[in-house]
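Visitor: let me see the structure of the following:
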Amino acid sequence: MKILSFDPGGTTGVCFSNTQNLKFDYSKKYFNSIVQWTDNVIDFLPLKECIEETTPDLVVVESFKLYPWKAKAKIWDDFEEVQKIGAIKLTCLTNNIELVLQGANQKKFFKDKKLKEFNLYKNKTPHERDAIRHNLIYIMKNRI
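Guide: Predicted coordinates for the structure are as follows:
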């Protein structure tokens, strides 16, 4: 099964895995981050291209919740995370790709120590590591 996972934010972490050969694909540009701001406008095309080029069986995305204790920090915010999730949802819908939303709390199982043991930590940004965590959580929970 080909799984593409996203951790949306100012920089969106991306992770692509194929469970048939039990490998994460380091060779593609999709095992990294996508920065999507151009002239203060969010560019959704890299997200769409990433999904369409990798042809995943499933897309996993960290869901967004506005927690009361974080609400003040989001005043006047454009909610870029939510916009990106919407773009991912639309792309999956139009390409008939299953989409799974996972809460941010689910990635806690794969702490940095575990990622280091799996050699999936080094030279990765926090968003990249979170996309990896979401990918691993889905694989583990569903025993793929």
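Visitor: which stretches of the protein have low pLDDT?
Guide: By pLDDT under 70, the weakly predicted segments of the chain are 21-42.
Visitor: which other residues reach the longest helix belonging to it?
Guide: In the chain, taking DSSP state H as the definition, the longest helix is helix 126-142. Helix 126-142 has contacts (CB atoms under 8 Å, 6 or more residues apart in numbering) with 3, 5-7, 9, 11-15, 17, 19, 24, 31-33, 58, 60-62, 100, 102, 106-107, 109-110, 112, 115, 118, 120-121, 124, 144. In this view, the C-beta of every residue, glycine as well, is placed from N, C-alpha and C.
Visitor: what comes up buried for it?
Guide: Within helix 126-142, the residues that qualify as buried by neighbour count (16 or more other CB atoms under 10 Å) are 127-139.
Visitor: same check, this time on stretch 113-120
Guide: Those would be Leu115, Leu120, for stretch 113-120 by 16+ other CB under 10 Å.
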